[in-house]
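Chemist: fold the following and give me the result.
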Amino acid sequence: MTTTTLAVLVPLLPFLGAAAGLLLGRTAPGFVRPLAVLPTLAAAVLAVLVAVRHGGGKTVEAATQLTPTGSVPIDLALRLDGFAALAAVLVCVVAGCVQIYSTGYLRDDPRYPSYASLVSLFTSAMLLVVYSGDLMVLLVGWEIMGICSYFLVGHYWETPEARAASLKAFLVTKLGDVPFLIGLFALAADAGTFRIGGILGAVAAGGLDHPTLIALLLLAGVAGKSAQFPLHTWLPDAMAGPTPVSALIHAATMVAAGIYFIARLLPVFAASAAALTVLAVMAAVTMVGSALAALAQDDIKRVLAYSTIGQLGYMAGALAVGDRGAAVFHLLSHGAFKALLFLAAGVIIHAAGTNSLSAMSRMSGLTKRIPDAYWTMTVALLALAALPPFAGFFSKEAVLVAAEHTALGDRTVAPAGAGWTVLVAGLLTALLTAAYATRLWLLAFRGRGTEAPDHGRQPIAMTTVLWVLAIPSLGFGLTVTSLDDWFDGQALTPTVTTAVLGTGIAVIGGAVTYAVWQRTRALAARTPLGAVAAHPEGDAGLVEAEAIAGHAPAYGDVASAPDPADPGRVLLGPLYRHAVTGFHLDAVYRTLFVRPVLAAASLVRFLDREVVDTYVSGAGTGTNWLGWLVRRAQTGNVQTYLSALLAGSVVLAIAAVLVAAGA
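Modeler: Below you'll find the predicted structure:
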């Protein structure tokens, strides 16, 4: 069997599993779990085999034209290179882990059959994006992921939070997809093809007439799909869905699609210095802003959500300086440890038997009860903080090295200003990332909140997956020296300058956070009502901010109050009340867009009801009145009819006489 045939089977198997699961979910529920797990694992095996056969060699392309579509043909095309081979392995491995994990996490959920089928369809759609060699086929997978995310985020549709989050995710990403679609058509019109290979050839030959316009239109769709500023606000709210869904979206699908798309078509963006500058600024704002917001969150899943936004900013920053190898390397590394972080958080939530324990300041006594989650999450947080020798260190350093080379003029793909922007923002984000990773670990496993009831040992399907993902989180970065052939032949090894600087900053961030936590913990211990004192009821602004964030505490009850030893409040100071709400972006969008749209809808409804309906009702009323008059004339009395006939004749005769006299 050829490599291209195997590659075609990789997205096909999860799709067939999804279709079979939807068909047999009600009639044969016993087949649901095998249909969810086995096709995905088989796809993972095939993806690994495809990667081994490709070996980081030359790009392999294959295509077939299904039907003529006019001057710009659409082909069912496959494009297999080192990026695609490794990305497909990541998608399949994470999806397989999520499916196995979900058999334990959602074992009592009545809607598990539809959930598992949608996860398989989600996986198939992302694999279609990864392997596709035609932009229109890629767009199919792109949009299917949007639909699947809508249903999966809204899995707990009984709750208003899940319904609102699913709708918000769908609408915000669609807001970016409109200019994205226009950009695809403009790109195909300039290049004369939707084939990725043909487009890259046209770019190399200088065949793009509007590179800046096309790149900016495409960036809008990427910002929505990959949760980059200013279209990132949907991702923290998407935590209302099941935790395994969060792991899938944040690690291997959906948000990774936008970054992967730019990596595929980087020469298109590199043709415009303005587009790369915009991308660099967008990445810098995203990195720093999301890290500050993560430092203020109390919900463990929202911390991880903002963390994902920031790490995607690193990837976008690498692309902004023209290094897609560093971007994809960090995408792969981040996919491993972020999936581990979310699934470990799911074990924490599952151990409590309720989502209420997702507030870190209320956690206590978890270290001994769930040791698997404790140790594996520790590994993942060290990778997130980018400390050596964990995977995040090598991939983050690859981004910083690329930014350094561009800033110093060693690479001329992007402007030097873009390099400095990404480098400074990346170092500042490294400091903040280590701070909020340390804070998460301290509050989750060393906190003094209320201890949740013990719900017994966690399912082995959940804990086993954690250790599987811990392996690449720890060791994937060590393979950096052997990955050059897979990433355009560019070296991804750290340099002394960025390694020492980045690691030193991360250590400082973690150490300062720990010191502040120790100090606040000691102060709270000396205050009998420390929990209440730390959260004064009179601070209306803070109460409102936390209420908006969805975790306003009951300050009147000392026992239920959160642990006051939160270093995030001290580190952020007056910035805390703004960071906890994501810097009020939702409120800004509500004022600038939501309220005007609702006001316009109210006006249209008023005009439709009071104006249009009035004319329609008036026409009907006039007809009714005319019918009433005609009906009154139809009495059925012959004498009345003769009298009316005689009166009419007299009127006509008089009229005739008057006309004759006038003549």
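
Chemist: all strands for this structure, in order.
Modeler: 60-64, 76-80 (DSSP state E).

Chemist: and these, which is most packed in?
Modeler: Ranked by mean neighbour count, the strands of the chain are led by strand 76-80 with a mean of 21 (mean count of other C-beta atoms under 10 Å). All C-beta spots, glycine's among them, are computed from the backbone N, C-alpha and C.

Chemist: now the strands of the chain in TSV, with distance to Gly409 and mean pLDDT?
Modeler: Below are the strands of the chain laid out as TSV (distance: least, C-beta to C-beta, whole Å; pLDDT from 0 to 100):
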stretch	distance to Gly409	mean pLDDT
strand 60-64	35	90
strand 76-80	33	92
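
Chemist: and of those strands, who's closest to Leu167?
Modeler: strand 76-80 (32.7 Å; C-beta to C-beta).

Chemist: which other helices and strands does that closest one contact?
Modeler: In terms of contacts (3 or more C-beta pairs under 8 Å, 6 or more residues apart in numbering; DSSP states H and E), strand 76-80 is packed against helix 3-24, strand 60-64, helix 112-131, helix 196-204.

Chemist: contacts for the second one, please.
Modeler: Residues lying outside strand 60-64 but in contact with it, judged by C-beta atoms under 8 Å, 6 or more residues apart in numbering, are 3-4, 54, 75-81, 133-134, 195, 197.

Chemist: OK, contacts around the nearest residue to Val140 once chain neighbours are set aside?
Modeler: Nearest non-adjacent residue to Val140, counting by C-beta to C-beta, 6 or more residues apart in numbering: Leu128, 6.6 Å away. For Leu128, the contact set (C-beta under 8 Å, 6+ apart) comprises Pro11, Val137, Leu138, Val140, Gly141, Ile144.

Chemist: of these, buried ones?
Modeler: Neighbour-count burial within the contacts of Leu128 applies to Pro11, Val137, Leu138, Gly141, Ile144; the criterion is 16 or more other C-beta atoms under 10 Å.

Chemist: quick check on Asp298: phi, psi?
Modeler: phi -100, psi -30 (degrees, to the nearest 10).

Chemist: residues near it, how many?
Modeler: 23 (other C-beta atoms under 10 Å).

Chemist: grab the longest helix from the chain for me.
Modeler: Taking DSSP state H as the criterion, the chain has its longest helix at helix 160-191.

Chemist: if you count neighbours, what's buried in it?
Modeler: 162, 165-166, 168-170, 172-173, 175-177, 179-184, 186-188, 190-191.

Chemist: neighbours of Ser649, how many?
Modeler: 10.

Chemist: one more: Ala461?
Modeler: 18.

Chemist: what pLDDT does it get?
Modeler: Predicted confidence (pLDDT) for Ala461: 91.

Chemist: list the contacts of it.
Modeler: By C-beta under 8 Å, 6+ apart, the contact set of Ala461 is Ile100, Tyr101, Thr103, Gly104.

Chemist: and with 6 Å instead?
Modeler: Ile100, Thr103, Gly104 (C-beta atoms under 6 Å, 6 or more residues apart in numbering).

Chemist: what is the burial count for the first one?
Modeler: Using other C-beta under 10 Å, Ile100 has 22 other residues around it.

Chemist: and the gap between the closest residue to Ser333 other than its chain neighbours and Gly224?
Modeler: Take Ser333 and drop its neighbours on the chain: the residue closest to it by C-beta to C-beta, 6+ apart is Ser395, 3.7 Å away. Ser395 is 24 Å from Gly224, where distance means C-beta to C-beta, to the nearest Å.

Chemist: the more surrounded of the two?
Modeler: Ser395 (31 against 26).

Chemist: how close does that one get to Ala437?
Modeler: 15 Å.

Chemist: now swap in Arg324 and tell me
Modeler: 26 Å.

Chemist: Lys368 now?
Modeler: Taken as C-beta to C-beta, the span from Lys368 to Ala437 is 22 Å.

Chemist: leaving out chain neighbours, which residue sits closest to Val580?
Modeler: Nearest non-adjacent residue to Val580 (C-beta to C-beta, 6+ apart): Ala296, at 4.1 Å.

Chemist: give me every residue that touches the one you found.
Modeler: Gly568, Leu572, Tyr576, Ala579, Val580.

Chemist: number of nearby residues for the fourth one?
Modeler: By that I understand Ala579. Around Ala579 there are 23 residues (other C-beta under 10 Å).

Chemist: that one is in contact with Ala294, isn't it?
Modeler: No - using C-beta atoms under 6 Å, Ala579 makes no contact with Ala294, being 8.5 Å away.

Chemist: got the contact list for stretch 12-22?
Modeler: Val32, Leu35, Pro39, Thr40, Ala42, Ala43, Ala116, Ser117, Ser120, Leu121, Thr123, Ser124.

Chemist: residues touching the fifth one, list them.
Modeler: Contact analysis of Ala42 by C-beta under 6 Å, 6+ apart lists Leu13.

Chemist: can you list the weak-confidence ranges in the stretch 451-600 of the chain?
Modeler: 451-456, 527-564 (pLDDT under 70).

Chemist: which parts of it are helices?
Modeler: In the stretch 451-600 of the chain, the helices defined using DSSP state H, counting those that start in this stretch lie at 460-475, 496-525, 530-534, 540-548, 567-572, 576-579, 585-589, 595-606.

Chemist: now distance to Glu158 too, for those helices, in JSON lines please.
Modeler: Shown next, in JSON lines, are the helices of the stretch 451-600 of the chain (distance: least, C-beta to C-beta, whole Å):
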{"stretch": "helix 460-475", "distance to Glu158": "24"}
{"stretch": "helix 496-525", "distance to Glu158": "37"}
{"stretch": "helix 530-534", "distance to Glu158": "32"}
{"stretch": "helix 540-548", "distance to Glu158": "22"}
{"stretch": "helix 567-572", "distance to Glu158": "32"}
{"stretch": "helix 576-579", "distance to Glu158": "31"}
{"stretch": "helix 585-589", "distance to Glu158": "23"}
{"stretch": "helix 595-606", "distance to Glu158": "25"}
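
Chemist: out of those, the one nearest Thr243 is which?
Modeler: Nearest to Thr243, of all the helices of the stretch 451-600 of the chain, is helix 460-475, at 10.2 Å by C-beta to C-beta.

Chemist: in the closest one, which residues are buried?
Modeler: So helix 460-475, judged by 16+ other C-beta under 10 Å, has buried residues Ala461, Met462, Thr463, Val465, Leu466, Val468, Leu469, Ala470, Pro472, Ser473, Leu474.

Chemist: stretch 519-529 now?
Modeler: For stretch 519-529, by 16+ other C-beta under 10 Å, it's Thr520, Arg521, Ala524.

Chemist: how about the residues you listed in JSON lines, adding distance to Ala263?
Modeler: Shown next, in JSON lines, are those (distance: C-beta to C-beta, whole Å):
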{"residue": "Thr520", "distance to Ala263": "42"}
{"residue": "Arg521", "distance to Ala263": "44"}
{"residue": "Ala524", "distance to Ala263": "47"}
